[in-house]
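1. the following comprises the amino acid sequence and a computationally predicted model.
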Amino acid sequence: MGNAPNSWRWSATGKINPDAYQNWMSTQPDNFRSQQHCVTMRNGQWTDDNCKSSFPFVCFTGSTEPGLKEFTYVSTSMTWAAAKNHCRQNYTDLAMIQDDAENTAVASVISSSTNVWIGLYRVPWVWSNGKISSFVNWAPGEPDNLDGAEHCAWVHENHQWSDESCSFMGPFFCQQILDVKKYHLKIKLQTDAVLSDPASYNQIIQQLGVKFKNMALTDFQFTWKTSYPNM
């Protein structure tokens, strides 16, 4: 099931478990055209499918006794996300399967030989630090996972992205995390100037900046915050 941040996980828990039960069809999952990030069951075996496709689904209803789960088949076709929401609103969640017995139980409630959503899914693209990508800028037709071997992202001159083989050699961008420290500088002033006037405090900030530069401190930024004594 994988141990990377974008490995398969169950909707009921949202957690990755590399040792979790699995029952994939032969050659599955294949992430065809890099667009198959949810899982259906057919005749008791699993395959990855496009999450935007519409299929019937199986919900986890509850447990009649410890270790014994009940499942409900819903014949209405929905997308994976819509099916998950339906299960959460009316039952518990999409079916989570943890062993052969539960897999057989889910298969037994399906009334036809068709693909049916279960609760397995994965987050397809994450940054190298493990964080989920909240922004994407794919070029038209991308990602396509050509030959099933394009698992890294490449930025083109027009700033659009495509998936490429991770063995492809090219220039790259690095990110540096800056260690920014903030200090509060308290100043007591005696002046006839109106300190609520932006022109007044901007002039003070400029003068402080000159002082700091004279002290060979160059990497700094001032912000002005006023406080008044309790009346």
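-> Great, that's in hand. Just so it is clear, the structure is predicted and the values come from calculations on it, not from any experiment.

2. mind listing what's buried in the one helix or strand Val74 maps to?
-> For Val74, the host element (DSSP states H and E) is strand 68-78. Residues Lys69, Phe71, Thr72, Tyr73, Val74, Ser77, Met78 are the ones in strand 68-78 that count as buried (16 or more other C-beta atoms under 10 Å). In this view, the C-beta of every residue, glycine as well, is placed from N, C-alpha and C.

3. domains of this structure?
-> 9-121, 135-177, 179-231 (automatic domain parsing).

4. which SS class is Asp144?
-> Here Asp144 is recorded as coil under DSSP: H, G, I helix; E, B strand; the rest coil.

5. what about it, how many residues nearby?
-> The tally of other residues near Asp144 (other C-beta atoms under 10 Å) stands at 15.

6. can you tell me how far it is from Tyr21?
-> According to C-beta to C-beta, to the nearest Å, Asp144 and Tyr21 sit 31 Å apart.

7. is it correct that Ala20 is in contact with Asp99?
-> No. Using C-beta atoms under 8 Å, Ala20 is not in contact with Asp99; the gap is 9.8 Å.

8. of the two, which one has the most company?
-> Neighbour count, other C-beta under 10 Å: between Ala20 and Asp99, Ala20 has more, with 19 against 11.

9. quick one, grab the pLDDT at the more buried one.
-> In this model, Ala20 is scored at 91, pLDDT.

10. do the same with Lys131
-> 79.

11. count of residues packed around it?
-> 9.

12. which residues sit in contact with it?
-> Pro5 (C-beta atoms under 8 Å, 6 or more residues apart in numbering).
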